[in-house]
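[1] For reference, the sequence and a predicted model appear below.
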Amino acid sequence: MSDITAVILVGGKGTRLRSTVPNLPKCLAEVNGKPFIFYILDQLVEIKVKRIVLAVNYLGSMVQDIVGTNYKGIPIYYSYDKIENGGTGHALRSAVEYVDLDNILVMNGDTYVSINLSTFIWYVNYANDNNNGLVLNVLNGPTNMGIYLFNKDVVKIYIQTNEIYSIENQFLSRLNSPEVYVISKPYIDIGTPESYAKADKFMSAIV
């Protein structure tokens, strides 16, 4: 899977979690003694992506200091939002400048799902001859996992630089029948104090 660049969206302010984790971006909240983002990075190491781009904003320099520029042999780049509150689409468009390949695997930095990413990529990009797709989890009712495979040129066509834009609400609707990869897997989103309180137990059972 070395022909993939991964973009992890980690720029959110995490306002709901701030009462529990007041001085860190969500992706650095500790779970079982290590920043949550490292669990996601380990998933990317498993599929041997060529490079990783972290789309940062809030406390981005802290993310950069802790994660660094290389993780287990994979180079890491950092993309900063060019406008305030630009949304997930704008964050992705800014990150594209650091993408050197056609395929972009997009993930959220505050959500973990036990998924075979290689199978998802194969399903979207090879088995169905489509360059765009998403992961839909039906375990507790249909839920978009925020995991996507996009073609870089399609992102550049539909999302303009410095434009406030949402992947979920705008970009997906413009794609030509993106492939939907359906799973039924446990997952955790650490975005609230209630869910974050369950993270240690959840990750101990998964990893």
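    Alright, I've got the coordinates.
[2] contacting residues for Gln160?
    Arg93 (Cβ atoms under 8 Å, 6 or more residues apart in numbering). The way it works is simple: take the backbone N, C-alpha and C, and place the C-beta from them, glycine included.
[3] should've said Asn57
    Here Asn57 is in contact with 11-13, 80-81, 91 (Cβ under 8 Å, 6+ apart).
[4] So which of those is the closest to Phe171?
    Using Cβ to Cβ, Ala91 is the member of the contacts of Asn57 that lies nearest Phe171, at 11.5 Å.
[5] Local confidence estimate at Arg174?
    In the prediction, the pLDDT value recorded for Arg174 is 90.
[6] That one and Gly89: what is the separation?
    Distance, Arg174 to Gly89, using Cβ to Cβ, to the nearest Å: 10 Å.
[7] Tell me which of those two has more neighbours.
    Gly89 (22 against 11; other Cβ atoms under 10 Å).
[8] isn't that one right next to Lys156, touching?
    No: using Cβ atoms under 8 Å, Gly89 is not in contact with Lys156; the gap is 11.8 Å.
[9] what about Val138, how many residues close to it?
    11.
[10] which non-adjacent residue is nearest it?
    Ser184 (5.3 Å; Cβ to Cβ, 6 or more residues apart in numbering).
[11] if I look at that neighbour, how far off is Val49?
    25 Å.
[12] Have a look at these two and say which one is more surrounded.
    Val49 (22 against 9).
[13] I figured the more buried one hits Asn103, correct?
    No: look at Val49 against Asn103 with Cβ under 8 Å: they stay out of range, at 9.7 Å.
[14] what touches both of these two?
    4-5.
[15] what's the top strand by length along the chain in contact with?
    As assigned by DSSP state E, the longest strand anywhere in the chain is strand 143-151. With contact meaning Cβ under 8 Å, 6+ apart, strand 143-151 is reached by 9, 92, 102-108, 111, 113, 115, 117, 120-121, 124-125, 131-137, 167-168, 183, 187.
[16] Just the buried subset of those residues, please.
    9, 92, 103-108, 111, 113, 115, 117, 120-121, 124-125, 131-135, 137, 167, 183, 187 (16 or more other Cβ atoms under 10 Å).
[17] Next step: the contacts of strand 143-151 restricted to helices.
    92, 117, 120-121 (DSSP state H).
[18] mind checking pLDDT for the closest residue to Pro178 other than its chain neighbours?
    The spatially closest residue to Pro178, leaving aside those adjacent along the chain, is Asn132, at 4.4 Å (Cβ to Cβ, 6+ apart). Looking at Asn132, its pLDDT is 93.
[19] now swap in Ala205 and tell me
    Value listed for Ala205 in the pLDDT field: 93.
[20] same deal with Ser2?
    At Ser2, pLDDT is 61.
[21] Before I go, just wanted to say thanks for your time.
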